[in-house]
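Undergrad: need coordinates for the following:
(chains A and B)
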2 protein chains.
Amino acid sequence: MKFTCSKNDLNEALRIVSKAIATKPQTPILSCIFIQTQGDKLELQATNYELSFICHIPATIEESGDIALTGRYVLEVVTKMPGDTITFSMMNDDKTIHIQSGQSKFTLLSMNAAEFPQIEHLAGNVQFTLKDNVLRELIRKTIFACATDEGRPVFTGCSLTIEGNKVTMAATNIHRLAVISKVFDQEIGSIQIIIPAKILAEVLHMPGGDIPTEVTITCSYNQISFSTPSVYMASRLIEGQFPSFTNVIPRSFATNVQVDRAAFAAAIDRVALISRAGDYNVVKLQFSNGNIHLHSRNPEIGDADEDVAAEIDGPDLMIAFNANYLIDVLKSMQGDVCRIGLNKELSPAVLREPDDEDFLYVVTPVRTAH
Amino acid sequence: MKFTCSKNDLNEALRIVSKAIATKPQTPILSCIFIQTQGDKLELQATNYELSFICHIPATIEESGDIALTGRYVLEVVTKMPGDTITFSMMNDDKTIHIQSGQSKFTLLSMNAAEFPQIEHLAGNVQFTLKDNVLRELIRKTIFACATDEGRPVFTGCSLTIEGNKVTMAATNIHRLAVISKVFDQEIGSIQIIIPAKILAEVLHMPGGDIPTEVTITCSYNQISFSTPSVYMASRLIEGQFPSFTNVIPRSFATNVQVDRAAFAAAIDRVALISRAGDYNVVKLQFSNGNIHLHSRNPEIGDADEDVAAEIDGPDLMIAFNANYLIDVLKSMQGDVCRIGLNKELSPAVLREPDDEDFLYVVTPVRTAH
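TA: Residues are numbered from 1 along each chain as shown, chains lettered A, B, ... in the order given. This next block holds a predicted model:
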């Protein structure tokens, strides 16, 4: 086996597939990146059986073949290589790989490539395509609301529901819920699955240019894959029933608020300096007279108070939230203005953006002693 | 007490003095930053009894007084404040401090300022001044050679020797030694002390502009202080006898080498990818035919080889070093070229810069099986 390719292309591909290598691989071969020649391309693979990633890059192939190199070392070596191109060649002993770039020469020991559990492309019952920017928006606006605690697995992923031409992504940790829906021109199918946040975080970082490209999504009953011409990412799905959330979403509000998103986020961030030392990071909000008054208190540290101007339509209200649950959603939004819908002191609130009917966020207030 | 000052000035001063607060303070008052008014200035103090830092900043004082606030909270609050100026005022209860900037208001609980162990300026038997850029050079070229292992305290600091008009700073961990000397126009005094690397690292980060400013250094038998008009940093000295190193420095060399510093450093950095998985991070250097051949090997990973062009004057030599001991000194140098003086395979080597007779670095080779 012998090939030459761009150092940057190879480095990027190694960086992507190495994310599928477990911190503590079950067997030595799973610590490897499998590299094989394919026509005028190289295919790189890595898997931990839960995540499986494949990348393709262009290369000049002098001699076809396959190798399996420890992911950590090959990535480090390629990252530090001095030249623009890099050449890999297998030595006569079939066990060592010679890597050269500029004045630098490395030989790395190859494991037995035949032992590598090659990844098979998923054949699913539902397949559809999304523009990568749309897919990223679906993920970015929900993934932050997942639970990180592994105790209840269904909350560590995003629910994906497809009904006809409507795609809905949702995530919750019980105390808050993020939901985004997109309606497409054509029928897509029918499916209801829970995708682990881990794979979605990697899909979010799939390389993408300024021009939106198509991502093909394939789902089976227990797996999902995301593929572009150069990258393929597959993952197991989370088993279990995602809770029905439609009834949780308030449809009407006594008090409607519009506030500058950046100013509101910065104020909560400051007031949370005091509250976050407590167990629930509680920030109290007083909506009245065209003003949101933010307050937090910790008897061992002190108090924080801040005012943010807002358009308030409806009765005054005092309501308290976990500051993180507000900061997270405000960061995920992009517009200048945030809309808040409120009912009573202990009723869930809804946050949305003025020009975006696709997305909404429900957050449950915290009960406080006055 | 009431004052108003620049948010940025206060933030910078809090950041500096907070470095003297221990991670686990012995008593609650030592977790505080003590702030007192002084004419048209504020004085900030913090200490852990080993390090003691003081900063002065300009302020508009409306009412004089002193307060003691938990360093962590006051630093975080000031860092996040929205305005350009910030006002502190003590409430009538004498226990809470009101902090305001723009629309943000915090009240922080003050500890009893009278309990704070106020720092007394050191009255030493030797006092001299250095330009801050000269002081930084003395530190930067030696501090990296200190041992980090607390087992032998004398090696965790830099030795400062003053004899007449000559100042010498040195550091070693037994396996390598960095020495820098400066000769001044006037007599300074006579002293031989060991300064903890901790305080020197902070002095390195003292604020300094483009124009060199004077730093006054005061030494007593067991303490040292560094002061500028705005910052005062004092530390205990390390007790013990720093080893005599003059006899360790080779004075003549069989083989003299000149090599491009950046190219040599980059090559060692790459070759060390293989060696650093081993116990001693051993890189072998073959000096011959206008070339340095670098080689490292780990039987479980593979080999690395690289060539760097060099001017070599004298017999060929194969010699091995801990890669880190070479990388550290090459990073601390500034010029384009590094000079290396070599004798035998197991004799210490000397690294210096062509135009700098003040600095030298001695490194002991590693014994390897061929």
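Undergrad: which residues touch the host helix or strand of residue A:218?
TA: Per DSSP states H and E, residue A:218 falls inside strand A:214-219. With CB atoms under 8 Å, 6 or more residues apart in numbering or on different chains as the test, strand A:214-219 has contacts from A:122-132, A:135, A:160, A:191, A:193, A:203, A:206, A:224-228, A:237. The way it works is simple: take the backbone N, C-alpha and C, and place the C-beta from them, glycine included.
Undergrad: mind checking which of these land in helices?
TA: A:132, A:135, A:203 (DSSP state H).
Undergrad: reformat those residues as a markdown table; add neighbour count.
TA: Shown next, in a markdown table, are the ones in helices among the contacts of strand A:214-219 (neighbours: other CB atoms under 10 Å in any protein chain shown):
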| residue | neighbour count |
| --- | --- |
| A:132 | 20 |
| A:135 | 24 |
| A:203 | 22 |
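Undergrad: following the strand or helix carrying residue A:325, which helix or strand shows up next?
TA: Assigned by DSSP H and E, residue A:325 belongs to helix A:323-332. Using DSSP H and E, the helix or strand that follows helix A:323-332 towards the C-terminus is strand A:337-342.
Undergrad: just checking, what packs against that next one?
TA: Strand A:337-342 is packed against strand A:255-260, helix A:261-275, strand A:349-353, with contacts defined by 3 or more CB pairs under 8 Å, 6 or more residues apart in numbering or on different chains; DSSP states H and E.
Undergrad: one more pass at 10 Å, please.
TA: strand A:255-260, helix A:261-275, strand A:282-288, strand A:302-313, strand A:317-322, helix A:323-332, strand A:349-353, strand A:356-363 (3 or more CB pairs under 10 Å, 6 or more residues apart in numbering or on different chains; DSSP states H and E).
Undergrad: need these in TSV (columns: distance to chain B).
TA: Below are the helices and strands packed on strand A:337-342 laid out as TSV (distance: least, CB to the nearest CB, whole Å):
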stretch	distance to chain B
strand A:255-260	12
helix A:261-275	5
strand A:282-288	13
strand A:302-313	4
strand A:317-322	18
helix A:323-332	13
strand A:349-353	21
strand A:356-363	23
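Undergrad: what's the separation between the most far-flung residue of chain A relative to its centre and chain B?
TA: In chain A, the greatest distance from the average C-alpha position (CA atoms, centre = their mean) is reached by residue A:92, at 43.4 Å. Separation of residue A:92 from chain B (CB to the nearest CB, to the nearest Å) stands at 16 Å.
Undergrad: can you verify that residue is assigned to a strand?
TA: No. Counting by DSSP: H, G, I helix; E, B strand; the rest coil, residue A:92 is not found in a strand; it is coil.
Undergrad: residues of the stretch 151-300 of chain A that sit close to chain B?
TA: Taking CB under 10 Å from any CB of the partner chain as the criterion, the stretch 151-300 of chain A approaches chain B at residues A:263, A:266-267, A:269-274, A:276-277, A:291, A:294-300.
Undergrad: can you flag the buried ones in the residues you listed?
TA: Among those, those buried by neighbour count (16 or more other CB atoms under 10 Å in any protein chain shown) are A:263, A:266-267, A:269-274, A:276, A:294-298.
Undergrad: mind listing what the residue nearest to residue A:222 when sequence neighbours are not counted touches?
TA: Nearest-residue entry for residue A:222: residue A:237, 5.3 Å, with adjacent residues in sequence omitted and distances by CB to CB, 6 or more residues apart in numbering or on different chains. Residue A:237 is in contact with A:157, A:160, A:193-196, A:199, A:219-224, counting by CB atoms under 10 Å, 6 or more residues apart in numbering or on different chains.
Undergrad: run the last query once more with 8 Å
TA: So residue A:237 contacts A:157, A:193, A:194, A:195, A:196, A:219, A:221, A:222, A:223, A:224 (CB under 8 Å, 6+ apart).
Undergrad: so what's the residue count around residue A:222?
TA: If you count neighbours by other CB atoms under 10 Å in any protein chain shown, residue A:222 ends up with 12.
Undergrad: repeat for residue A:40
TA: 10.
Undergrad: now do it against residue A:88, distance only.
TA: Distance, residue A:40 to residue A:88, by CB to CB, to the nearest Å: 15 Å.
Undergrad: show me the residue at the heart of chain A, geometrically.
TA: Judging by CA atoms, centre = their mean, chain A has its centre closest to residue A:201, at 2.5 Å.
Undergrad: buried residues in the helix or strand that one falls within?
TA: For residue A:201, the host element (DSSP H and E) is helix A:197-204. Buried residues in helix A:197-204, counted by 16+ other CB under 10 Å: A:197, A:198, A:199, A:200, A:202, A:203.
Undergrad: picking that back up, and the buried ones among the contacts of strand A:214-219, selectable in PyMOL?
TA: In PyMOL syntax, the buried subset of the contacts of strand A:214-219 is picked out as below (16+ other CB under 10 Å):
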select buried, chain A and resi 122+124+126+128+130+132+135+160+191+193+203+206+224+225+226+227+228+237
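Undergrad: just the ones of the contacts of strand A:214-219 in strands?
TA: A:126-131, A:160, A:191, A:193, A:224-227 (DSSP state E).
Undergrad: angle of the lowest-mean-pLDDT helix or strand in chain A against strand A:214-219?
TA: Of all regular secondary-structure elements in chain A, judged by mean pLDDT, DSSP states H and E, the least confident is strand A:126-131 with a mean of 90. Here strand A:126-131 points in a direction 150 degrees away from that of strand A:214-219 (axes from the mean of the first three to the mean of the last three CA atoms, to 10 degrees).
Undergrad: mind checking which of the helices and strands packed on strand A:337-342 is nearest residue A:340?
TA: Proximity of those to residue A:340 was assessed by CB to CB; the nearest stretch is strand A:255-260, lying at 4.1 Å.
Undergrad: dump the C-alpha coordinates for the closest one into CSV.
TA: Extracted C-alpha coordinates of strand A:255-260, given in CSV (Å, rounded to 0.1, in the frame of the first residue of the first chain):
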residue,chain,number,x,y,z
THR,A,255,-48.7,38.5,30.2
ASN,A,256,-46.8,38.9,27.0
VAL,A,257,-43.2,40.3,27.1
GLN,A,258,-40.7,41.4,24.5
VAL,A,259,-37.1,42.1,25.7
ASP,A,260,-33.7,42.8,24.1
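Undergrad: hmm, back to that, what packs against the helix holding residue A:325?
TA: strand A:176-183, helix A:261-275, strand A:282-288, strand A:349-353, strand A:356-363.
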